[in-house]
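Enquirer: Provided below for reference: sequence and predicted model.
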Amino acid sequence: MKPPAVLTTLSGRFTSRLHDERVASWLGIALGASILVSFGTGLVSHFMQQPAGWMQWPSRPVNLYRVTQGVHVIGGVATVPLLLAKMWTVYPKLWEWPPVRSLVHGAQRLLVFVLVGAALFQFVTGVLNIAYWYAFRFFFTTAHYWTAYILVGALVIHVTERWTKVRRTVMTRPQDSVGRRGFLLTVAGASGVIAATTVGEAFTPLARLAVLAPRRPGDGPQGVPVNKSAAATGVGPMARDPGWRLTVTGRVAREVSLSLDDLRALPQHTSRLPISCVEGWSVEASWRGVRLRDVLRMAGVSDDAQVRVESLERYGLYRTSQVAPPHWHDPLTLLALGLNGEPLALDHGYPCRLIAPNRPGVMQTKWVHRLVVS
């Protein structure tokens, strides 16, 4: 059979075999699979933070979010070489002449423009987000979520339109394939190196290799990283106030108000749980404190109640979080007073913070002072 033809261009300058359709097809298959995995794991994160009315996420397995978000972020970063290689392979198509040969061809080119633009937006802003460099004015989470649908929609249409040609191309026995194979292996190797030097942010045994990770297990007070400090939020004076009290109010049989000494006098329990950040890093730690369900039962809360946990932090989208029945009933869910055998550090939420299984780190509210039951 005839080998895949080199992509033709206006000037004929792009003669490398690496610009041919076979290489583009293999890279496209790998890139498409990676995008779909990122899309699926990203939906898990989104709906854990903003569940639809009918959704109730389970509290077990305790490491579910740690795994899905680790795959989302680490896998997404490792996909960057694939995207760049794919774009380099097909960019001679930009110089085809005439640029639009028919309405159908024009629509196809517009779709590719949307696909490439959405992919670049997702990966560039995603990398900036995990590096904590917010060089953009829009809210990353909302933009990232909606652009993901545009990207996947354009990808599905593009694959549907190109699938017959791609299948025929990859099934063709290649000639002079050494260069192609070496190029594809180089791209795969680059992705592998990026994954290997990042995965330690979520997989503690490889933490020493995580030279590209913005956070690593062991960094930070009490061996746990911190994204937002008490100084950054201005809660220090309120958290240190000796008159601090935890109140339980709302749809309760009786309101409860507890001092820090009152909480310490209640039965204490230890939970070994990860703190898992939306930026992909996670670390397992030993948390000690009072079971949330014990405090809620002191207030006579019904079994189907929803609980809003409020922080001393006055501003910010994540100053509160909702705790559904599956989580507050779980014996591992604590109002933590200690971390790794020490009293809770101020930057980790002193005097009291929420820690629960299978929840994003932004929902593990720090500096808790009120529980509102509904």
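Expert: The structure has been received and is ready for your questions.
Enquirer: only C-alpha atoms for contact and neighbour calcs from this point on.
Expert: Noted.
Enquirer: any regions of the stretch 51-200 of the chain where pLDDT drops low?
Expert: Counting by pLDDT under 70, the stretch 51-200 of the chain contains low-confidence ranges at 173-178.
Enquirer: restrict stretch 34-44 to CA atoms and write it as PDB.
Expert: Extracted in PDB, the C-alpha atoms of stretch 34-44 (Å, rounded to 0.1, in the frame of the first residue of the first chain):
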ATOM      1  CA  SER A  34      -5.600  12.200  27.400                       C
ATOM      2  CA  ILE A  35      -8.100  15.000  27.000                       C
ATOM      3  CA  LEU A  36     -11.100  12.700  27.700                       C
ATOM      4  CA  VAL A  37      -9.400  11.400  30.900                       C
ATOM      5  CA  SER A  38      -8.700  15.000  32.000                       C
ATOM      6  CA  PHE A  39     -12.300  15.900  31.200                       C
ATOM      7  CA  GLY A  40     -13.800  13.000  33.200                       C
ATOM      8  CA  THR A  41     -11.600  13.600  36.300                       C
ATOM      9  CA  GLY A  42     -12.200  17.300  36.100                       C
ATOM     10  CA  LEU A  43     -16.000  16.700  36.200                       C
ATOM     11  CA  VAL A  44     -15.400  14.700  39.400                       C
END
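Enquirer: and that stretch, what's buried?
Expert: For stretch 34-44, burial by neighbour count (16 or more other Cα atoms under 10 Å) applies to 34-39, 41-44.
Enquirer: so what touches that stretch?
Expert: 65, 68-69, 71-73, 75-76, 79, 145, 148, 152 (Cα atoms under 8 Å, 6 or more residues apart in numbering).
Enquirer: filter the residues you listed down to the buried ones and hand me the PyMOL line.
Expert: If you want just the buried ones from the contacts of stretch 34-44 in PyMOL, going by 16+ other Cα under 10 Å, the selection is:
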select buried, resi 65+68+69+71+72+73+75+76+79+148+152
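Enquirer: helices - which of the contacts of stretch 34-44 land there?
Expert: The helices, defined by DSSP state H, take in 65, 68-69, 71-73, 75-76, 145, 148, 152 from the contacts of stretch 34-44.
Enquirer: closest to V124 among those residues?
Expert: Checking these against V124 by Cα to Cα gives G76 as the nearest, at 10.5 Å.
Enquirer: list the contacts for that closest one?
Expert: Per Cα under 8 Å, 6+ apart, neighbours of G76: 34-35, 38, 123.
Enquirer: who's in contact with the closest residue to H329 other than its chain neighbours?
Expert: Among residues not flanking H329 along the chain, R293 sits closest, at 5.7 Å (Cα to Cα, 6 or more residues apart in numbering). Neighbouring residues of R293 by Cα under 8 Å, 6+ apart: 328-331, 333.
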